[in-house]
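>>> Here is a sequence together with a model predicted from it:
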Amino acid sequence: MRSIFFSSKPSSPSHSTMSSTTSSPSRSDISASIMAQNIEIAESIITKWEVEASSYCKVASLFSEDRREAKEFLKSVKHLHTAMQFFMSENLSSDKLVRPHKLMEIAMKRLQKEFYQILSTNRNYLDPESVTSQSSGASTARTSTSDFEDYTSEDEIQHIDGSSTSDVDSVSENAMADLKLIADCMISCGYGKECMKIYKLIRKSIVDESLYYLGVEKLTSSQIHKMDWEVIEIKIKSWLDAVKIAMKTLFLGERILSDHVFSASAGIRESSFAEIAKESALTLFAFPELVAKSKKSPEKIFRVLDLYESISDFWPEIESIFSFESTTTVRLQAVNSLVKLGENVRAMLSDFETAIQKDSSKSPVTGGGLHPLTRYVMNYVVFLSDYSGILSDIVADWPLSVHSPMPESYFSSPSFDDSPTSSISVRLAWLILILLCKLDAKAELYKDVSLSYLFLANNLNYVVLKVGTSNLRLLLGEDWLIKHNTKVRQYAANYERMGWSKVISSLPENSTADISPEAAKECFKRFNSAFQEAYRKQTSWVVPDPKLRDEIKVSLAKKLGPSYLAFYDKYQMMFRRDVAVDSLVRFAPDDLGNYLSDLFHGTGGSGGTSSSSHPSKSSERRQT
């Protein structure tokens, strides 16, 4: 100092000396001071809520106490984290990081505890249904990944949006918001895995329990094979109800909640949802495949179609909810179940077709009525038509194997060419054609040709009625109905011609032409014999459909009535004094209608007994 100030030769101060005596604190020193101050502030609030600090802190909840303090706690944690990052970037002594690191550990333990408490105490309010109802607000209200320090009022912490909600919705809303705040904070501080571990622990148990109570259980193929179909059918019905709730509420709610809570990290968001829902979803969608691999029979097809339809209907939701790469196996399982179910349906359709073709019943149906095969096949095909949409998908790439040329009349309807369901329309038309061909063969079992035509008329009429009053009408088209309805009338006309030709031909072609009394007597005798024979034989025949029955009766009455009336009026007076007039003129015109009314009920002649008393009375009235 003496050499500097008392030197005989003046000299200028050195540059280094000037810098040391006049420079201000560096920017780094100022930042370090600020960071240290932030640590001090953070320590005051973090240590206050240290889990092991006191018995009160062990049971108390930061987020259920003063909401503003929860906000300050989260803000302090972020400032603490910022300070730690600063000290690490400045390559300062590790001693500088010991204290903030310890504080961070304390803060994370507190937030883990708060996260667990919110999840567990609000378990009933964070059910998937409540979460789903909050989805619109939850998906848009908080888009920032680390903005928990930006809340400026208690209302902003308490509500996701400003809408008015019920108490339950409000609790659910608050819990979702608080979970997101904690997750954002922990993820930004590098503790995302710890947060996710707690989340998965609680939420996976909720999903597993929900599916259990919905009746979904993990089964094996051998277990399914050992079950009776009645048991499997009950499980299918339970599954159909369960998948609706699972897709519309359970998995959707879990995806919404996971996306909301872990919006700060795409990786954690995906991982948490996958580990929570994937296993249960695989169990859910594996069941249809197990059913598809079970023993096949045509009667099971409708439950299999229900399973196929359900997965198809929910496919957009399956793709959306399980869109992550880590949940690809769920989508693949659903697709695999669809494929196996489709194969099962095609196999059962083939078995059904074969069963029709191999029907070997040789006993003709009494009275020419409906054959059991007709009822069975048409009821089956009508039920199939109710699934025309999904069946079209199943058979679209499954060409119809026809061993003989297909009649053009079956496929001339425009609907077969233009409709999206044309593939199933052709398939169902083919099944009906096989049935009709089989009925043609069964008609040959009748020794009476007229009865065989009545049998064909009855059975084809039943087919037409089933088509006309079901979804088959749209699938087969109006042209199909018109052509086959015309064929019913042709069969009925053939029955009339073959069954009543002797009766009609027993009368003169010109009923009013003059003939001798002997010739008139012979005409009456022939008519009596032919009519009685036809009536006796046909009283056991049946026409189940009232409309067709009345049409045939009216047609017969028109063919017989006018000719017989004209003949009767002209010649019955000729024999009124004949002692044997009752045996000669047995039927009055009015009585024909009574006899015809007895027909086609399958009464076996019982109805004719009552009617037989009428002719003599009517004859007496006309003779007096």
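Received, thanks.
>>> From what I see, V488 and K547 are in contact.
No: here V488 lies out of contact with K547, judged by Cβ atoms under 8 Å, at a distance of 10.7 Å. No exception for glycine: its C-beta is placed from N, CA and C like everyone else's.
>>> higher neighbour count, the two?
V488 (22 against 10; other Cβ atoms under 10 Å).
>>> list the contacts for that one?
Remark: with contacts taken as Cβ atoms under 8 Å, 6 or more residues apart in numbering, V488 is in contact with A457, L460, N461, V464, L548.
>>> from those, which ones fall inside helices?
With helices identified by DSSP state H, the entries of the contacts of V488 that belong to them are A457, L460, N461, V464, L548.
>>> Quick check: which ranges of the stretch 251-400 of the chain have low pLDDT?
Across the stretch 251-400 of the chain, not a single residue meets the criterion (pLDDT under 70).
>>> mind listing the helices for it?
Along the stretch 251-400 of the chain, the segments classed as helices by DSSP state H, counting those that start in this stretch run 251-261, 266-292, 301-313, 315-321, 328-358, 372-385, 388-395.
>>> Distance to S516 and mean neighbour count for those helices - can I get that in JSON lines?
Written out in JSON lines, the entries for those read as follows (distance: least, Cβ to Cβ, whole Å; neighbours: other Cβ atoms under 10 Å):
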{"stretch": "helix 251-261", "distance to S516": "95", "mean neighbour count": "25"}
{"stretch": "helix 266-292", "distance to S516": "81", "mean neighbour count": "21"}
{"stretch": "helix 301-313", "distance to S516": "71", "mean neighbour count": "20"}
{"stretch": "helix 315-321", "distance to S516": "86", "mean neighbour count": "16"}
{"stretch": "helix 328-358", "distance to S516": "59", "mean neighbour count": "18"}
{"stretch": "helix 372-385", "distance to S516": "51", "mean neighbour count": "18"}
{"stretch": "helix 388-395", "distance to S516": "68", "mean neighbour count": "20"}
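>>> Can you lay out these as TSV showing distance to P364?
Below are the helices of the stretch 251-400 of the chain laid out as TSV (distance: least, Cβ to Cβ, whole Å):
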stretch	distance to P364
helix 251-261	58
helix 266-292	40
helix 301-313	30
helix 315-321	50
helix 328-358	18
helix 372-385	12
helix 388-395	34
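>>> Looking at these, spot the one closest to P517.
For the helices of the stretch 251-400 of the chain, proximity to P517 was assessed by Cβ to Cβ; helix 372-385 is nearest, at 51.4 Å.
>>> Looking at the contacts of V488, which is nearest L481?
L481 has its nearest neighbour among these in V464, at 6.4 Å by Cβ to Cβ.
>>> Around the closest one, how many other residues sit close by?
In terms of burial, V464 registers 22 neighbours under the definition other Cβ under 10 Å.
>>> Quick check: pLDDT value at it.
Predicted confidence (pLDDT) at V464: the value is 97.
>>> gap between it and F531?
If you measure V464 against F531 using Cβ to Cβ, to the nearest Å, the figure is 31 Å.
>>> Also Q112?
Counting by Cβ to Cβ - Q112 and F531 are separated by 101 Å.
>>> Then D169?
Note on D169: its distance to F531, by Cβ to Cβ, is 83 Å.
>>> who's more crowded, these two?
When neighbours are counted by other Cβ under 10 Å, D169 and F531 differ, and F531 comes out ahead with 20 against 16.
>>> Assign the more buried one to helix, strand or coil.
Secondary structure of F531, reduced to three states by DSSP: H, G, I helix; E, B strand; the rest coil: helix.
>>> Thank you kindly, that will do.
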